[in-house]
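Visitor: Generate a structure from the sequence data that follows.
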Amino acid sequence: MKKYQKALIHILLPLIAGVLVYILFREPETPLHQWLGIKEKIVTTVTLPTYLLFHFSDACWAYALCASLLLFTSFSRPVAATFSLLYLSLVELQQAQWVFSRLDWPDLITMTIAVLLALVLIQRK
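Guide: Numbering: from 1, shown residues only. Predicted coordinates:
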């Protein structure tokens, strides 16, 4: 498989999936909704499980970050995973206003699983 095909599958599609969950299923309270001018929830007939609604997008972004490092850098797999997890942890800590007790542990767990999944699924060959 060519590099651009891998990028499409492992980076672009997860990012699109994560954004679609935000746009279609979440209440319009995020900056993304404001930026797009969305004032009401778009999909009201389908209800996603709470865990998917609030953590799936983070998993998609974590997967795409690790995938991009694996596909477009010379980082080894452990370095790509470590960098991804450190960066994502810092982003979560910043969202918690640098207070460790406010960390969103389900987000961190979900993102860790996504990074591990990227390590398993993505081959550089």
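Visitor: Report the distance from the helix or strand of the chain with the lowest mean pLDDT to the chain centre.
Guide: Ranking every helix and strand in the chain by mean pLDDT, DSSP states H and E puts helix 31-36 at the bottom, with a mean of 79. How far helix 31-36 lies from its chain's middle: 18 Å, per Cα atoms, centre = their mean, to the nearest Å.
Visitor: quick one: contacts of it?
Guide: Outside helix 31-36, the residues that touch it by Cβ atoms under 8 Å, 6 or more residues apart in numbering are 19, 22, 23, 26, 28, 39. Every C-beta, even on glycine, is put in place using the N, C-alpha and C of the backbone.
Visitor: Could you report the neighbour count for the last one?
Guide: Right, the one you point to is residue 39. Residues lying near residue 39 (other Cβ atoms under 10 Å) number 8.
Visitor: ok, back up a step: narrow the contacts of helix 31-36 to just the buried residues.
Guide: Listed as buried from those are 22, 23, 26, 28; burial here means 16 or more other Cβ atoms under 10 Å.
Visitor: Can you name the secondary structure element that comes next after the longest helix that the chain contains?
Guide: Counting residues, the longest helix in the chain under DSSP state H turns out to be helix 50-72. Note on helix 50-72: by DSSP states H and E, the next helix or strand toward the C-terminus is helix 77-95.
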